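Asks: this is the structure alone, sequence omitted:
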C-alpha cells in the first residue's frame, strides 16, 4: 500500500476518500488504511512522526471530519503545552512538530490554532500560545517577511479564513482575559491585512454591536480590539461614519459613568490609538470639547492605570492637535501640575511628557518658520510654553529634587528627576534667554547645600539650560561657575554630584566652546586646570569617568575648525595615554566606559594638528597591537566572545580615524604606508571572525584605508574581494551591506580603472540587491550612487552594464516621482532614492565624457529629462536633491554636447528649474546651476531633431533588455 501511495498518490487519495465517506485527508501527510470486514484501521503520520492510529468497527455513524478536528485538537493542545516545557528536548521536539504541521498544511494549522484559542475547555497556556503563533503567522518586523505573510493569508481559501475569523470573534466573549486579549491582537492583524483590500467589511459593525453587550468583559475586549485595529490600519481605510461610531463607543466607554474600570481602561487606551482617525472630529468644536472633557475627567480617575492612560492621550493630543489646544491649555496645566506634584510616578511622568511634547511642537514650528507668522499661517505658534513659563519652570525644578539613589548606575533609569530635567532642557530650547532668570535663583540657592540632592539638582538645572539661551546670556554665568564646577568634580563627596557636574561641563564645551563662539570659555589661564581635572576624573568610578570622557570629547571637538593651532596640543600625549589607561580598566565594561574612552580618543585624534602627527603615527602601532591581541584569544565563552567582538569593533573604528587623519597630507600618508601590509592583514583576520558588528567597523576602516593607499590598494583586492562580496550579500545585517556598498565607492575612487577586473561580480551582486525584496530599503539609494562611482572609475567600460543598470534606474525614477499624499517619512526616503538615482546618472555621464561612445547614452536622455521635470513639478525635493539634479542637467549637456540641445529644449521645466537654482540662497545649489548654465550655453545650440536616431538605438537596447533582464533582475522592493 505504501509503495502504491508514493507512485500514484491521487489514486490512493481516491481510495481513502471512498473508504471514509468522502472526506479529504486534512493532514496532507500519509495515512495507511486497512479494511477487514466492518473494521477500518487508519494510521496517520506526518513526515515519519505518528500522530494517531484508530480502529473503527462501525462506520455508519463515523464522521472523519469530526474525528479529525477532535483528535487534532487534542494533539495541538499537547504540542502547544510541550512547546512551553522546561525540558529543552521536549520543547524543541514540540516546536519542530508545529513547524512541520504549518509547512505541510497551513489552512489546517491555522484552523487548529484558532479553534484552540476559542475553546473554553483548553488550558490558558495553550490558548495564549496558539494566539501568539497565529499573530506571528500574520505579521513580522522585516518588511519582506511581512509582505510574504500578507500574501499568504490573502491566498487562503475564503471559507478557511471565515472560520478562523469566526473563532477569533467568538473568543472575545471568553471569560479568560488572556484569551480575549490575544484574540483582540490577532483580529487587528487580520484587519490590517484585509480592510485595505476591501475585505471583512462587516468587522467594525460586528465589533460595535458588542459594545452593547451586557457582560462587561465582552465590552472590554471589544474596546481593546478597536484600539488595536486603529493601531494597525491607516485612517484612510476606515470611512468617516465608522470613525464616528468608533470614537463614540470609545469615549462613552471612558466616561466617568462607566462603572467597570477594566472597560474604562480599555476605552482610554483605545482612544490613544484612535486619535489619528479623529481629524474631522477635532475640527468640530462640540465634538472636540466632549472628547477633551472626557479625557481630562479620566486623568482624575481613582485608578492609576486609567490616569496614566488618560495622560498618554493628552500627550498624543498635544502632538497631533497642537493648533486646537488653546481653549484647554489652562485646565491642562492645572491637571498636569497637580499630577506632577502629587500623583504616583507613572502618572507624573506622563504629565511632564505632555509639556515636553508641546516643546517639541513649538521648537519645530519656530525652526521651520523662523518665528514669522501671519494670521493665515497653516501652523501658527501659540507660545504655550512662554505663557506657562512662570508657573511651569518652578514645577519642573521641584522634580529635580526627586532623584533615586542608584540612578547613575542604571543605564536604563528613567524617573521624575530625569524627566523634569529633560523637559527643562526642551523649555530652554523653546524660549531661549527667558528661562535663565527663572532658573538661576534655584541654582544659587541649592548649589552649596549640605544635602547631595540639592547640589545635584542645582547642577542638573544648570546643565539643562545650556542649549537654547544665547552665548551672550550664558557666557558671563559660565565664566563664574566654571571654577566652582571643576572644584566640585574633584572634591565633592557625592558621586551623583560628580556625575552630573561632568555631564554639565560636557554641555558647556558642546554649546559654548568652539570657533563660532565670540567670547571663549577656554583660555590659556584655565585650559591646563580643565584638562587636569578631566583626566583625574577618568580614574573615578565608571559612571563619573564616562561623563568625564564625554566632556573631554566636546572639549576636543571645539578645536576642530581652528586650523593649525590647538590648546590641547601640549597635552596630546598625556590625554591619549590617559584614555588608553581607561580602556584597560577592569571595570571599563560598566557604564559604557570603554566605548566612551575610544570615542573620545577618536575625537582627540580627529581634531589634532600637524604638530602631533608623529604621536598619531606612533598610536598606529599601539592600536594594531591591541587588535592583534584580541585575534589571538582562544577558547572564549559566548559572553567573552561578545565582549571581544565589541572591542575589535572599537579598535577598527579607532584605526579608521587614525588612517583618515594620516591620509590628509602626503608626508604623514607616506610614513603610514610602512604599516599598510600589517594593517590590512589584521583587517582580513577580523573579517574571518564573521561578526556583523565587527564587519561593519572593519569595512568602514577599509574604506579609509583604500582612500589613503590609493592605487596601491589593488594588491589587496584578490584576497579582500571575497569579503567584499560577502558584505554585499549580507541581507540580514543590512547595515553591513550598506557600509560595504559605500566601501565599493571608496575603492573605485582609489583604484579607478584598476577596479575593472572585479566589476562583473560587483555589478551582478548590486543588481541582485536591488532586485531583492528581502534587503532593507535604506540600502538601495546608496547602491544607485555606487553605479555612478563604478561608471566614473571605469569610464566607457561601463557600456556592458548600461543595459541592466539603466532600466533599474528608470524604474526607480518612475517610482520616486510619484509622492502625492505621502507622509514625511516616505518623502524623506523618496528624496534619498532620488539623490541616489541622480548621482548614478551624474557618474555615468561623467564617466563617458570625451568618449567616442557617448552616443550610447542618447536613448536614455529623454527619460532622464522627464525625471528631472517630474521631481521639479512635485515641489517636494530637498536641497541636496536640487543640487544633484541641476548638476545632472549640466552633466547631460556637458557629455552629450550638441546632441543635448533639442532634448533639453523639449524639456518642460529645465529653463525654470535652472533659473530657480540660479536664484537660490544655497551657494552650493547656485554654483551647480551656474556650471550647468555654462554647459548649456557652450554646448547646446540649435542642431535640429535626432528622435529617429534615438528611437533606432533604443529599440536595439530594449530588445536586449527584454531577453535578458526579466530572467535575472526583476525590480522589486525599492
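Replies: Perfect, thanks for sending it. These numbers were taken from a predicted model, which means no experiment stands behind them.
Asks: now residue 121. Its backbone dihedrals?
Replies: When read as degrees, to the nearest 10, the backbone of residue 121 gives phi -90, psi -10.
Asks: quick one, what contacts the residue nearest to the spatial centre of the chain?
Replies: By Cα atoms, centre = their mean, the chain has its centre lying nearest to residue 778, at 9.6 Å. Contact analysis of residue 778 by Cβ atoms under 8 Å, 6 or more residues apart in numbering lists 734, 738, 829, 832. From N, CA and C alone the C-beta is placed, and that goes for glycine too.
Asks: helix, strand or coil: sort out the last one for me.
Replies: Yep, that's residue 832 we're talking about. Put simply, residue 832 is helix when judged by DSSP: H, G, I helix; E, B strand; the rest coil.
Asks: surely it and residue 781 touch.
Replies: Yes: the pair residue 832 / residue 781 is scored as a contact, 4.4 Å apart, by Cβ atoms under 8 Å.
Asks: the two - which one has more neighbours?
Replies: Higher neighbour count among residue 832 and residue 781: residue 781, with 25 against 21, using other Cβ atoms under 10 Å.
Asks: how about the more buried one, what does it touch?
Replies: 832, 833, 835, 836, 837.
Asks: what packs against the helix or strand hosting the last one?
Replies: The reference is to residue 837. Assessed by DSSP states H and E, residue 837 sits inside helix 824-848. Helix 824-848 sits against helix 780-794, helix 799-816, helix 861-874, helix 879-896, with contacts defined as 3 or more Cβ pairs under 8 Å, 6 or more residues apart in numbering; DSSP states H and E.
Asks: buried residues of the third one, list them for me.
Replies: With burial defined by 16 or more other Cβ atoms under 10 Å, the residues of helix 861-874 counted as buried are 861, 862, 864, 865, 866, 867, 868, 869, 870, 871, 872, 874.
Asks: of those, closest to residue 380?
Replies: Comparing the buried residues of helix 861-874 against residue 380 with Cβ to Cβ places residue 874 closest, at 26.4 Å.
Asks: assess the claim that the closest one and residue 817 are in contact.
Replies: Yes: between residue 874 and residue 817 a contact is recorded at 6.8 Å, counting by Cβ under 8 Å.
Asks: residue 830 - how many residues pack around it?
Replies: For residue 830, the neighbour count with other Cβ under 10 Å is 23.
Asks: and residue 783, what does it touch?
Replies: So residue 783 contacts 741, 766, 769, 770, 836 (Cβ under 8 Å, 6+ apart).
Asks: tell me how far stretch 267-281 lies from the chain's centre.
Replies: Its chain's C-alpha centre and that of stretch 267-281 lie 25 Å apart, by Cα atoms, centre = their mean, to the nearest Å.
Asks: other residues contacting that stretch?
Replies: Residues contacting stretch 267-281 (Cβ under 8 Å, 6+ apart): 223-224, 226-228, 230-231, 235, 238, 240, 243-244, 246-247, 249-254, 258, 287-288, 291, 295, 298, 306, 309-310, 312-313, 316-317, 320-321.
Asks: filter those residues down to the buried ones and hand me the ChimeraX line.
Replies: Buried residues within these, by 16+ other Cβ under 10 Å, are selected in ChimeraX with:
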select :223,224,226,227,228,230,231,238,243,246,247,249,250,251,253,254,258,287,288,291,295,298,306,309,310,312,313,316,317,320,321
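Asks: quick one: the strands in this structure?
Replies: Ranges of strands in the chain, per DSSP state E, are 30-36, 39-46, 49-56.
Asks: picking that back up, how much space between the residue nearest to the centre of the chain and residue 829?
Replies: Remark: distance between residue 778 and residue 829 (Cβ to Cβ, to the nearest Å) = 8 Å.
Asks: equivalent analysis for residue 792, please.
Replies: 25 Å.
Asks: okay, those two: which has more neighbours?
Replies: Neighbour count, other Cβ under 10 Å: between residue 792 and residue 829, residue 792 has more, with 22 against 18.
Asks: who's in contact with the more buried one?
Replies: 748, 749, 843, 846, 847.
Asks: from what I can see the second one touches residue 793, true?
Replies: Yes: using Cβ under 8 Å, residue 749 is in contact with residue 793, at 7.0 Å.
Asks: more neighbours: these two, which one.
Replies: Taking other Cβ under 10 Å, residue 749 and residue 793 do not tie; residue 793 has more neighbours (24 against 16).
Asks: pretty sure the more buried one contacts residue 750?
Replies: No: if you go by Cβ under 8 Å, residue 793 and residue 750 don't touch, sitting 9.0 Å apart.
Asks: residue 257: neighbour count?
Replies: 7.
Asks: residue 209 too?
Replies: The number of residues packed near residue 209 is 11, by other Cβ under 10 Å.
Asks: kindly report the same for residue 852.
Replies: When neighbours are counted by other Cβ under 10 Å, residue 852 registers 8.
Asks: which residue is the nearest non-sequential neighbour of it?
Replies: Excluding its sequence neighbours, the residue lying closest to residue 852 (Cβ to Cβ, 6 or more residues apart in numbering) is residue 796, at 7.8 Å.
Asks: and residue 318, by the same measure?
Replies: residue 357 (4.4 Å).
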